[in-house]
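Colleague: Got a predicted structure plus its sequence, pasted below:
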Amino acid sequence: MKVHVSAVVRMTTTIVVLLCSIGVAFAADLQKPSGDVLLKITGNISNTNSAGEAWFDIDMLKAFGVTEIDTQTPWTDGSAKFSGVLLSDLLNAVGAGSSGFQAIGLNKYKYDFRDIEHEKYPIIVAWQLNGEMLTIRSLGPLWMMFPFSDYPEIDDEMHRNAAVWQLIELSVY
Amino acid sequence: MIAALLCVVSIAFLAKEITSAGQRIHSVGSIRLVNFSFMVGRNFDELARALSGYRDCRLSPDQLPSGASNAEYIEKFDIVWSAYKSAYRNIYKHWSSTGYWLDEGRATSAARLRDSGLAFVDKYQADMSPDSSIGCDRINKMLNDIFSQKEGISEFAQSYFDLDNRAAAEQQAGIKKLYHSILFLAVSFLATLMLAAALVYKAMRETGESYRQSQVAGQKAMVALRELRESVNTSVAQQNFFAAASHDLRQPLHALGLYLGSLRRHVSTADARHILNCATLSTESLSGLLDSLLDISKLDAGVIESNNEEFDIHTLLTRIHRRFLPEAKEKSLELICESDDSRVFTDEQLLDRILQNLISNALTYTNSGRITIASTRVKDHVVVTVTDTGSGIPELKQEAVFTEFYQLRNKERDRGKGLGLGLSIVRRLSDLLEVELEMESEEGKGTRFSIRLPAVKNFQTASLNKREPETKIALESSLTGVKILVVDDEEDIRDSTVIVLQGWNCTVRAAEDIDSALQIVSTEGYSPDLILADYRLREQKTGVQAVEALRHVIGSKVPAIIVTGDTSVDFLTRASLTNLDVLYKPVETKDLLMRIVRMVTSNDPSGKKRLQTST
């Protein structure tokens, strides 16, 4: 009887350890941020690095590779070159359970991306404008940026509303 | 339809208006203005909270986590700063470009709000260095400014809410109008549909109704047709009845008349002569009734023609007077004849018939007083009047008395008063003669009938009628030796006819049917000068057939007279077609004599169809 009990305990422990090691193995793909956390991806995601959330500092974002968008915006003078990470890369990295999410700004502004077909366009989460790092004062430190000039069909009020500045969080549905 | 058209136009207009209102709402909502304003307001709130938190920490330095709170309010300030310095610029630009919804006052206040916000961030920017230390007084001042900024933002946002609401209200009103228009359209369409349906229904119902009515009318027509047919049948039956009745009645009457006529020659005493006269008179009156029926029958058949001639009115009136005198005396009535010596041009026999009817009517309806027959010359006319002091005819019934079988005051249908045909015969006869007939009557005082006859201007008083008896004797003697073949199936009539004819010294042979008549002709070699045949013979044979057969055997067109009691139109028409002379029963000896004389002295075998007279 005793033998049996110890066997069950051992087996259970083994399973738990195995499950944990799998979780660690997946989580290991998403390293923990070392610097200031600029972006949190929350909600329905499978890859996390902090209490069910995926936190990113600037180095982690830059690690995805830099994508640039040259576009005119109502908020900038003349042509502006934004540098950042592809939104799709970010969502893939966190294993987003759906394509729908909410973008939230520092100023509490929110935009529901289920309203737009964001997968169709190379949207970036920009951290740099014309070679300068974005700050809160320059509507940073992260800015959801659309290639308005390359895709005239999205150069409208709705997509401008989706260009959330001072971006701090993506909450996946 | 016009209403529907107007509706469509107004709906189109309203839809456009609603779209524009919707665009305004969309513009207002879409530019995030209200959101932005609230956002900035919230940013100010957070800044204020951070500042007040920092200030509280400064007031109780024990709890102060150095530097941490400083960074927080600086971040909040930066957000506010970015709102004014970076975002506001764009938004204001947008407001200006879509100025149609932004009136000048609002644009000014928006600009002022922006300017005050920019002034705020500029004013406190120096305090936001991480190294600088901000004092409590400064913080309080800043908080006051934040509140005033927030107030401005609230007011501004509120005004946009109002605008938004107004646009929404406009849209709502437009939608409401649209709804009403569509409702009206729908209702009018429905009403039209219902009206159409109602009309269709009504039309169908009317059709149904008219169908039903036509059916009813059809049924009525059928009934009317049947009634008509029945009435035709009735009138045909009536005529057939008349024909049959007058035939059957005439047979004995005819015989009686012939017997009485031949008896006259054998009567010598005055008393016997008187009795004979009375018997003759009754026979005549009896035949008068039949004559009435015969007259109507023949008048309706249209076979009577008027044969106008000149004659002395005095003679006619005197004769009539004499005829009715016994009857008048019997009723203790005065019968007066006041005639002038005018001559008239009309059909004497028909006029005689008219007057006879009028006088017999007068006698029937007059119980005391007198009846006056008079003639008066009035210019080109002679007016003959029959006036009585009888009961008169009520005004309402003055027209009705001229219809057949109409009798006043004879509910018992006393046949002694006739059949009620008198006046209708008079009316028909006067129409036939084309003379004016007038009636004046006053109930209780009497009736006057006036007949206006054409007068003859140069008249002579010579009276031919006075020589009548002599003429008659002369006529009788002219028939001596004339061979007459009588064909009649009724023994009484055959015998009496033979007696009469033999009285005129004719050589008479009689046969009861066609075969025996043919036998007399063929075996005895008897060649008659005249055939006198009854129309109805045995075995459905007719006198016409007898005459035709005899003429065929003899080989010449022997003059022939058909004697008949049949007054049916059918027969009369046939007789006139076969060109035979016709005598109607009862035939008076005088008429028979005159007819035979005319026939044998003339080569023309066809006689004129004449109205039988009883004189």
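Modeller: Done, it's in.
Colleague: State which strand of chain A is the longest.
Modeller: strand A:79-86 (DSSP state E).
Colleague: Just the buried positions in that one, please.
Modeller: A:80, A:82-86 (16 or more other CB atoms under 10 Å in any protein chain shown). (Glycine included, C-beta is placed from N, CA and C.)
Colleague: In these, which has the lowest confidence score?
Modeller: On pLDDT alone, A:Ala80 ranks lowest of those, at 91.
Colleague: Show the contacting residues for that residue.
Modeller: A:70-73, A:129-130 (CB atoms under 8 Å, 6 or more residues apart in numbering or on different chains).
Colleague: Please report how far the spatially most central residue of chain A lies from chain B.
Modeller: Nearest to the mean C-alpha position of chain A, by CA atoms, centre = their mean, lies A:Leu90 at 4.5 Å. Distance, A:Leu90 to chain B, using CB to the nearest CB, to the nearest Å: 23 Å.
Colleague: ok, now which ones touch that residue?
Modeller: A:39, A:41, A:56, A:61, A:64, A:125, A:170.
Colleague: Got the phi and psi for residue 78?
Modeller: Chain wasn't specified; assuming chain A. Dihedral angles of A:Gly78 (phi, psi; degrees, to the nearest 10) stand at phi 70, psi -160.
Colleague: For the nearest residue to it once chain neighbours are set aside, give its distance to B:Asn140.
Modeller: Take A:Gly78 and drop its neighbours on the chain: the residue closest to it by CB to CB, 6 or more residues apart in numbering or on different chains is A:Gln72, 7.2 Å away. To B:Asn140, A:Gln72 is 43 Å away according to CB to CB, to the nearest Å.
Colleague: What is the subsequent helix or strand relative to the one helix or strand A:Lys62 maps to?
Modeller: Using DSSP states H and E, A:Lys62 maps to helix A:58-63. Scanning forward in sequence from helix A:58-63 by DSSP H and E, the next helix or strand is strand A:67-72.
Colleague: Pull the residues that contact that next one.
Modeller: With CB under 8 Å, 6+ apart, strand A:67-72 has contacts from A:78-86, A:122, A:124, A:126, A:145-150.
Colleague: Where do the strands of chain A begin and end?
Modeller: According to DSSP E, the strands that chain A contains are A:39-43, A:54-56, A:67-72, A:79-86, A:101-105, A:110-112, A:124-129, A:132-133, A:143-145, A:167-172.
Colleague: now the longest strand seen in chain B: mean pLDDT?
Modeller: Counting residues, the longest strand found in chain B (DSSP E) is strand B:446-456. Averaged across strand B:446-456, the pLDDT comes to 86.
Colleague: what are the pairing partners of that strand, and which direction each?
Modeller: Strand B:446-456 pairs in its sheet with strand B:343-346 (antiparallel), strand B:381-388 (antiparallel), strand B:436-442 (antiparallel), by DSSP bridges.
Colleague: buried ones in that strand?
Modeller: With the criterion 16+ other CB under 10 Å, strand B:446-456 contains buried residues B:446-453, B:455-456.
Colleague: nearest to B:Val223, of the strands of chain A?
Modeller: strand A:110-112 (88.9 Å; CB to CB).
Colleague: Figure out how far the closest one is from the centre of its chain.
Modeller: 14 Å (CA atoms, centre = their mean, to the nearest Å).
Colleague: hmm, who's touching it?
Modeller: For strand A:110-112, contacts defined as CB under 8 Å, 6+ apart pick out A:100, A:102-104, A:161-162, A:164.
Colleague: Swap in 7 Å and give it another go.
Modeller: A:102-104, A:161-162, A:164 (CB atoms under 7 Å, 6 or more residues apart in numbering or on different chains).
Colleague: what comes up buried for that strand?
Modeller: Here strand A:110-112 shows A:Tyr111 as buried, counting by 16+ other CB under 10 Å.
Colleague: Just give the strands next to that strand in its sheet, each with its orientation.
Modeller: Counting by DSSP bridges, strand A:110-112 is paired with strand A:101-105 (antiparallel).
Colleague: which residues make contact with the partner strand from outside it?
Modeller: In contact with strand A:101-105 (CB under 7 Å, 6+ apart) are residues A:110-113, A:144, A:164-173.
Colleague: again, only using 6 Å
Modeller: Applying CB atoms under 6 Å, 6 or more residues apart in numbering or on different chains, the contact partners of strand A:101-105 are A:110-113, A:144, A:164, A:166-167, A:169-172.
Colleague: With stretch B:370-387 instead?
Modeller: By CB under 6 Å, 6+ apart, the list of residues contacting stretch B:370-387 reads B:313, B:317, B:333-340, B:342, B:344, B:358-359, B:362, B:388-389, B:448-453, B:455.
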